[in-house]
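Chemist: Provided below are the primary sequence and the corresponding predicted coordinates.
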Amino acid sequence: MNRPSKARLERLRRAFPPGRRVRLVRMEDAQAPPAGTCGTVRCVDDLGSIHIAWDTGGSLAALDGEDVVERLDKRVNDDFGNA
C-alpha cells in the first residue's frame, strides 16, 4: 500500500473526523461486518485507514482505495474523540 499524500490525508481526516457515523458499503475482508453495518469513526491513521468501532462490537479499519464506507450526517460524542 502506498502512503497517501499529505493533502489526501487532510481530506480524509476532514471527511471522517472522530465521532463521525458511517455505514459499510463494501469491504473485502473475511473479518468484515456485513454490508449495511454502521459504526463510529475512531481516527484516520497516517496510511489513510479509517479506524471504525462497529455497532456489532468489532473494530476494523476501512482501507482507503479498497473498502467503501458512506458518511452519515450524525456525529456523536464518545470515548475516542470530540465531535
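Modeler: Done, it's in.
Chemist: Helices of this protein, residue ranges please.
Modeler: 6-15 (DSSP state H).
Chemist: Give me the residue at the spatial middle of it.
Modeler: residue 50 (3.4 Å; C-alpha atoms, centre = their mean).
Chemist: now that one: how far from residue 16?
Modeler: To residue 16, residue 50 is 5 Å away according to C-beta to C-beta, to the nearest Å. Quick note: C-beta positions are derived from backbone N, CA and C, even for glycine.
Chemist: related to what we said a few turns ago, which non-adjacent residue is nearest the residue nearest to the centre of the chain?
Modeler: residue 62 (4.5 Å; C-beta to C-beta, 6 or more residues apart in numbering).
Chemist: what about that neighbour, neighbour count?
Modeler: 24 (other C-beta atoms under 10 Å).
Chemist: which residues in this structure form strands?
Modeler: For the chain, the strands defined by DSSP state E cover 20-26, 38-44, 50-54, 59-62, 68-75.
Chemist: Show me what the third one is packed up against.
Modeler: Using 3 or more C-beta pairs under 8 Å, 6 or more residues apart in numbering; DSSP states H and E as the contact test, the elements touching strand 50-54 are strand 20-26, strand 38-44, strand 59-62.
Chemist: rerun that using 10 Å as the cut-off
Modeler: helix 6-15, strand 20-26, strand 38-44, strand 59-62 (3 or more C-beta pairs under 10 Å, 6 or more residues apart in numbering; DSSP states H and E).
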